[in-house]
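# here is a sequence together with a model predicted from it:
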Amino acid sequence: MEYPKRLQSSYVNDCNDSKRKRLNVTTTDSNNSLMKSIIHFEDLSNDIIYEIFNFLDFRHAYDAFSNLNKRFQNFLTNLSLPVNIDMSSMSKLDFQSYYKQIIIPNIHRIKFLHLSNPFSIDIFLTHNCIVSKLIRLETLILYDIQSKDLENLLTCLISLPYLTSLVMSNIDEGRVTKNLYHEIFHLPMLKYCKISFNNYLLMESSLHISINECSPIEHLIINNDFNIHELSALLSYTPQLRRLSLSNLWQCSNEQIISCPIKLNHLTHVSLNMNNITFDQFEILIKHLFFQLQVLYITITDDKTYLDANRWERLILSYMPYLRIFDIQWEYFPQKNVYTADIFMIESFRTEFWLERQWFFTSTLESASDGCYRVLFSTNPYRRKSYALYGNPSKDMISNCQKNKINSVHHVHIKQEQTIDDCRNYFPNATELTLSYDDINVDKNPPSIILNHIVPLIQLTKLNIKVKSFLFKTMIELLYSTSNIHTLTIEDVCFDKKELVLIQQTEIFQLVSTRNKIKYLTINSIYAFEEIKLFIHLCSQLECLRMCPVYDDFEGILQYLLSKNNSNTQCLFYICVTDFSSEEIVTIDAVMESKETIDDYLAKRITQDFYDDIYFWR
C-alpha cells in the first residue's frame, strides 16, 4: 500500500484561476522602461503555496495563517498536507496547548516529529502509545529519552509503515535492553539511524552473526563506545549499508579479533574514531569488511604503528582499491628525545604514491598539561563537517597546503592558540566555533580581530569556550562580535570578583546583554551564586539552561531561577541541574514547596551512576 502524495480537494481547483493574479507596475527611468511583476503571497497558486507549506514547521504555519482567511484555513486542514512538528524548544504551557489543538487532531498527518526533553517524550509514550498512531511518520528525532522508555518506543515504531529516519539520544546511564539493536533492525523501512548513549552499557549479551535477519538501513551512526569485537556481528544485519560512522570504536583486551567475511557491496563511506585499537586489528577490519571503500575518515590515538606509510600503501592497494579520499588525524604521545625519529616517519607520507592521489599531510608538536604529543593530520579536510586546528605545522611538510577556503566545514575547533595567527585556511560556512587551548594571551588583540580571519564571526550560531581561565570580559568582547549566537557552552570562564558589580555597568556588557540572541546556555563548571546571576543577566532571552550546582548557595540559586518575580528569567522555561548529590535533594524539595517559586513548574529526577540530574519545565 502506498500513501498518496497529494489528494486534490475541490477547493484547490476552484481557487486556482482566481488566485493567480499578478500586479504589474511600470517604472520609467531616463534610459528605458522596465516591466516588473509584483506577486503577493496570497496571490500565489495553491500548488505553490502547498509546496511552501511542505518546508515549514506546521506550528509556524498554523500560527501565521490559521486566522488569516478561509482559504488558508482550508490549506491547514487539507488531509494531503504533511505536518512537520518541531517541539525541540517549547514551554510547558505552549506544548500543552499545541498538543491538544494541533498534535491530536492531526496525528495521522505528521511526517516529521522532533522532541527534545524527557517531559514531552513522556507525554507521547504514556498517552495510549500515541506513537503507534503516527501512521504517516517518516522522520523521528528524540533527544534525552530515558533508558526505561526505549523498549516501549521501539515496540510502537515497528508498526509504522513509512518510518525511514530515526535519531535517538539517551539521557541517563541506565542499562539498555540487550535487544536494542535487534529491535532497531526490525523496523521495516528504516534507512537512516543515528543513536547516542551515555555509556557502553548497550548490551547485556554479545551480538551474534545474523543468519537470515536483514535490515534496510543504509546510513548508520553510533555516537558512543562500541566494542570492535561486536562490529562484524553488527554489520551482518545491514547488507545494504552505504555509510558508517563510529565515534569511539574500542577494545578492552589484546585478544585477536575474530572477524567473519561479510559482503558489504554498498559500503563506500566510513568514519572511525578509534581508541586502543592496534594497526593489526584495524587491518583485519579492512580486509574483511571494507573492500568497496571509497572514502575513509579516521582518527587514531596512542599507536605509533599507524605512522608506517609503506604498510598503509600495501593495505590500500590490496584491500581498498577504490579509495579516493583518505582523511587521517593521528595523535601520539612520543617518548622524550624521539621527536626527530617521529618526523622522519611522518615524512614517509610524501612519496609518489601519496602525491599522485593528492593526499597531503602535515604534522605538529602540541603541548599538553602532561607533556607533548605529536599530531599528523590531512591538510585538506575534504568533506568533513568539522575540523580541528592545531599548532604550528611542520614547515617542510606544508608545501602543498596553501591558504584556501574550505566550504564543507561547519564546525571549527581551535586546539592551540598559536594556530590562530598562522592558520592557512578560511571556513566561510562555519556556524560553530570551539576554543579549547590551555590558556589565552590577554595581551593580544581582542579575540574578534584574531579569529575573524578564520571564521566569519557574525555568521556563528554556536560558541563553545573550553579555554583554561578564559576571562569573562574577554568572553563579552567575543560575544559582541558574534551577535547571532543562540547556543553558548562555557567551562572555565573566570571572574575578577572585585569587579562583578562594575562589569554589569560597562557599556559593552549592556550592549551585549541587550542584543545577543542566546537561548541555550550550558555551564559545565561550578560557579558561585553571584557569578551564575551574571551569566543570567547577560542572556536576557535565555530559554534553556543546563548547569552544575553552585558551591556556595545551591538553595539560593534555585530560588532565583524559579522565582515568580524574577524579571531576568521571564523567558526561561527549561532548566537542568546536573551532578547533584543525594544530600541536595532536601534543598530542592524545600525550594519547590516555597511560595516564592512558580507553581506550574514540573520537576523530574533522573538517576545516574554516582550523581543525579534534575529537570524543571514550565
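Received the coordinates, thanks.
# wait, a helix at His208?
No - counting by DSSP: H, G, I helix; E, B strand; the rest coil, His208 falls outside a helix, being coil.
# show the pLDDT at the closest residue to it other than its chain neighbours.
Of all residues not flanking His208 in the chain, Ala233 sits nearest, at 5.9 Å (Cβ to Cβ, 6 or more residues apart in numbering). Just so you know, the C-beta spots here come from the backbone N, C-alpha and C atoms, and that holds for glycine as well. On pLDDT, Ala233 comes in at 86.
# do I have it right that Tyr464 meets His411?
Not Tyr; residue 464 is Asn. No - Asn464 is beyond contact range of His411, at 9.1 Å (criterion: Cβ atoms under 8 Å).
# mind listing what the residue nearest to His208 touches?
206-210 (Cβ atoms under 8 Å, 6 or more residues apart in numbering).
# now stretch 172-183: average pLDDT?
73.
# quick one: buried residues of stretch 504-522?
509, 512-513, 516, 518-522 (16 or more other Cβ atoms under 10 Å).
# out of these, the closest to Pro105 would be?
Taking Cβ to Cβ as the measure, Pro105 lies nearest Lys519 of these, at 28.7 Å.
# phi, psi for that closest one please.
Dihedral angles phi and psi of Lys519 (degrees, to the nearest 10) take the values phi -110, psi -20.
# ok so, going back, buried among the contacts of Ala233? Make that a ChimeraX selection.
A single ChimeraX command is used to select the members of the contacts of Ala233 judged buried by 16+ other Cβ under 10 Å:
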select :207,210
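# just the strands in the stretch 351-500 of the chain please.
Taking DSSP state E, counting those that start in this stretch to define them, one finds strands in the stretch 351-500 of the chain at 361-368, 371-378, 386-389, 404-405, 411-414, 425-426, 432-435, 462-465, 470-471, 487-490, 493-494.
# mind checking which of these is nearest Leu246?
That would be strand 386-389 among these, by Cβ to Cβ, at 15.5 Å.
# please state the offset of that closest one from the chain centre?
15 Å (Cα atoms, centre = their mean, to the nearest Å).
# average pLDDT for it?
83.
# before we move on, the earlier item: of the contacts of Ala233, just say which sits nearest to Asn248.
Closest approach to Asn248 among the contacts of Ala233 (Cβ to Cβ): Leu207, at 17.0 Å.
# against His108, how distant is the closest one?
36 Å (Cβ to Cβ, to the nearest Å).
# now do Asp43
Going from Asp43 to His108 by Cβ to Cβ gives 31 Å.
# these two: which is more packed in?
Asp43 (15 against 12; other Cβ atoms under 10 Å).
# and Val412, what does it touch?
386-387, 389, 427, 430, 432-434, 454-455.
# just to revisit the earlier point, common neighbours of Asn464 and His411, please.
By Cβ under 8 Å, 6+ apart, the residues touching both Asn464 and His411 are 432-434.
# may I ask which of those has the most neighbours?
When neighbours are counted by other Cβ under 10 Å, Leu433 leads the shared contacts of Asn464 and His411 with 24 neighbours.
# okay, now the domains of the chain?
15-77, 82-175 (automatic domain parsing).
# want to throw these into CSV with distance to Asn380?
As requested, the domains of the chain are exported to CSV (distance: least, Cβ to Cβ, whole Å):
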stretch, distance to Asn380
domain 15-77, 33
domain 82-175, 29
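# return the most buried member of those.
With neighbours taken as mean count of other Cβ atoms under 10 Å, the domains of the chain reach their highest mean count in domain 82-175, at a mean of 18.
# run the chain-centre distance for it.
19 Å.
# ok, now which ones touch Leu207?
Shown in contact with Leu207 (Cβ under 8 Å, 6+ apart): 181, 230, 233-234.
# please report how far it lies from Tyr192.
Distance from Leu207 to Tyr192, by Cβ to Cβ: 21 Å.
# could you do Leu244 as well?
Distance from Leu244 to Tyr192, by Cβ to Cβ: 12 Å.
# out of these two, which sits in the busier spot?
A count of neighbours by other Cβ under 10 Å puts Leu244 above the other of Leu244 and Tyr192, at 25 against 15.
# does that one belong to a helix, a strand or coil?
Secondary structure assignment for Leu244 (three-state DSSP): strand.
# start at 34 instead
OK, 34 is where the count begins now, so the last one is Leu277.
# which ones are touching the residue nearest to it when sequence neighbours are not counted?
Nearest residue to Leu277, sequence neighbours excluded (Cβ to Cβ, 6+ apart): Val303, at 5.1 Å. Contacts for Val303 (Cβ under 8 Å, 6+ apart) come out as 276-278, 323, 326, 328-330.
# for those residues, pick the one with the most neighbours.
Result: Leu277 is most packed of the contacts of Val303 (other Cβ under 10 Å), 25 neighbours.
# strands along the stretch 234-383 of the chain, start to end?
Assigned by DSSP E, counting those that start in this stretch, the stretch 234-383 of the chain shows strands spanning 252-260, 276-283, 302-308, 328-334, 358-365.
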